[in-house]
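Q: any chance you can model this:
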Amino acid sequence: MTTPTAASTALLTEHFGWTPLMFIDDIINTVNAIANATVSSVETFLFSQRPELLGFKTPPGQTREVDEDGQTLFTEQEEDELRQGVHKLETLMDNAVDTTFDKFEIFLMRNVLVVKESLVGWCRLAHYKTFQASSPPPPPPSPPSTPWTSPPRLLLAPPKPPPSSHSVNVSSPPRTSPFPSKPKKPKTRWYYPSSEN
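A: Below you'll find the model as predicted:
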């Protein structure tokens, strides 16, 4: 039993032209379609039979309705009973198909549609038979020649001079705020007596 890996799945997908899971899903969808067709056929068969053949008794003193072909019709209660029985059959078959094919899917993915990890590198697909890997691949084209021998360095802008109190910035107008400004507190200067006195 081998757990499928990405390399194994990719190899099988390239070989088959479809993923292993798509193959299993197609099988399951086909079986579900056959099961649904079987249930529809059973329902059609049951409704085509005479009620007496299916065990429905006509109460004494009553007669059953007959259609234009002379076929005895079911009562509404009998039709409901048949539909419930067909629904139970359909549910039972769907459950059996789901359970069985879940096990089938796990078995196929672990035992059939898988390549062991140790063999993935050794597998050679048919379309690779003419591929020759003995010579190394050609080197990539070299970039066009440049006058620099080393990569160009980023040029940094010269540092800005510190703003002086005498310079006026003409490039941008002074900012004005739409909100009233608070009055600025005067700066407090501390004077320390000198120790020379």
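Q: so which bits of the helix or strand harbouring V97 are buried?
A: Using DSSP states H and E, V97 sits in helix 76-107. By neighbour count, with 16 or more other Cβ atoms under 10 Å as the criterion, the buried positions of helix 76-107 are L82, V86, L89, E90, M93, V97, F101, E105. (Each C-beta comes from the backbone N, C-alpha and C, glycine too.)
Q: V86 versus the nearest residue to the fourth one once chain neighbours are set aside, what's the distance?
A: Distance criterion Cβ to Cβ, 6 or more residues apart in numbering; nearest residue to E90, sequence neighbours excluded, is V39 at 4.6 Å. Between V39 and V86 the distance is 6 Å, computed by Cβ to Cβ, to the nearest Å.
Q: also N32?
A: For N32 relative to V86 (Cβ to Cβ), the value is 17 Å.
Q: just D102 next, same as before
A: Taken as Cβ to Cβ, the spacing of D102 relative to V86 amounts to 25 Å.
Q: and the helix or strand where A37 lies, average pLDDT?
A: For A37, the host element (DSSP H and E) is helix 20-48. Averaged across helix 20-48, pLDDT comes to 94.
Q: do stretch 83-98 as well
A: Per-residue confidence for stretch 83-98 averages out to 95 on the pLDDT scale.
Q: who's in contact with stretch 63-73?
A: S48, R50, P51, E52, T58, T75 (Cβ atoms under 8 Å, 6 or more residues apart in numbering).
Q: scan those residues and report the most crowded one.
A: Ranked by the number of neighbours (other Cβ atoms under 10 Å), the contacts of stretch 63-73 place P51 first, at 17 neighbours.
Q: tell me the contacts of that residue?
A: T58, R64, T72, F74, T75, E78.
Q: and those residues, which is the shakiest by pLDDT?
A: R64 (79).
Q: roughly how far does that one sit from T58?
A: Counting by Cβ to Cβ, the gap from R64 to T58 is 6 Å.
Q: in this structure S8 contacts V112, no?
A: No - using Cβ atoms under 8 Å, S8 makes no contact with V112, being 11.9 Å away.
Q: okay, the two: which has more neighbours?
A: Under the criterion of other Cβ under 10 Å, the comparison of S8 against V112 puts S8 first, with 20 against 9.
Q: next, the angle helix 20-48 makes with the helix or strand containing that one.
A: Take DSSP H and E as the rule and S8 turns out to sit in helix 6-16. Between the direction of helix 6-16 and that of helix 20-48, the angle (axes from the mean of the first three to the mean of the last three Cα atoms, to 10 degrees) works out to 70 degrees.
Q: what's near enough to touch the residue nearest to E90?
A: Residues touching V39, when contacts are defined by Cβ under 8 Å, 6+ apart, comprise V86, L89, E90, M93.
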